[in-house]
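>>> Structure of the sequence below:
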Amino acid sequence: MIKLLVVSLALCVAVSAQYVSKGGSPSVVKIDGEDVGEFVRLQTDQQKRITEIQAALKQQKLDGWLFYDFRGSDILIPRILKTERLGGSRRWFYYVPATGEPVKVVHAIEPDQIDVLPGRKLIYREWSLLKSQVGAAVGGKGKRIVMQYSPNNDVPYISRVDAGTIEMVRSLGINIET
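Below is the predicted model:
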């Protein structure tokens, strides 16, 4: 019974982690010396990048990275997140926590705007809901996060978030590092 439970758990983990049976050079999953299946991990470039970002955030003792874009204003996002240009006509945010699942904050008019990125989705309609959804995505006051922001615009190449958005995020009690 316990062995069956362990095998079931291993298979659930394998399936939920997007493993599929494939030919080629598979990984062999064994429990108590028994082969329970050959699997190759399928992971998108975006998922791999999120894992790398989370490792860097942990190393720097930061709580997360909040990405923001409005009409393609952040030309660095495709490079950082390994995507095409995500643009759109409405503001969106993408929060990558040091641990856990990323969170998307998107407008109701363009709910699929950043679906290429992994994570759960929060939708806003009006500006006041945008602010509360960003707060919910980041997880509350006192968090130390990074954004594409450079104090005094000292490094203009990375300063992609406008002052008003920085003020809005700070008004939520979130500390923005650079």
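>>> List of residues touching stretch 113-130?
44, 46-47, 50, 81, 83-84, 86, 88, 90-92, 94-95, 101-108, 111, 133, 136-137 (Cβ atoms under 8 Å, 6 or more residues apart in numbering). From N, CA and C alone the C-beta is placed, and that goes for glycine too.
>>> Show the average pLDDT along that stretch.
For stretch 113-130, the mean pLDDT works out to 93.
>>> Would you mark the buried spots in that stretch?
113, 114, 117, 118, 119, 121, 122, 124, 130 (16 or more other Cβ atoms under 10 Å).
>>> what helix or strand is the first one on?
This means residue 113. Assessed by DSSP states H and E, residue 113 sits outside every helix and strand.
>>> Any figure for the gap between the closest residue to residue 44 other than its chain neighbours and residue 102?
Distance criterion Cβ to Cβ, 6 or more residues apart in numbering; nearest residue to residue 44, sequence neighbours excluded, is residue 118 at 7.4 Å. Going from residue 118 to residue 102 by Cβ to Cβ, to the nearest Å gives 6 Å.
>>> which residues are common contacts for the two?
residue 50.
>>> measure the residue nearest to residue 44 to residue 53 for me?
Using Cβ to Cβ, residue 118 is found at 12 Å from residue 53.
>>> now residue 85
Distance, residue 85 to residue 53, by Cβ to Cβ: 19 Å.
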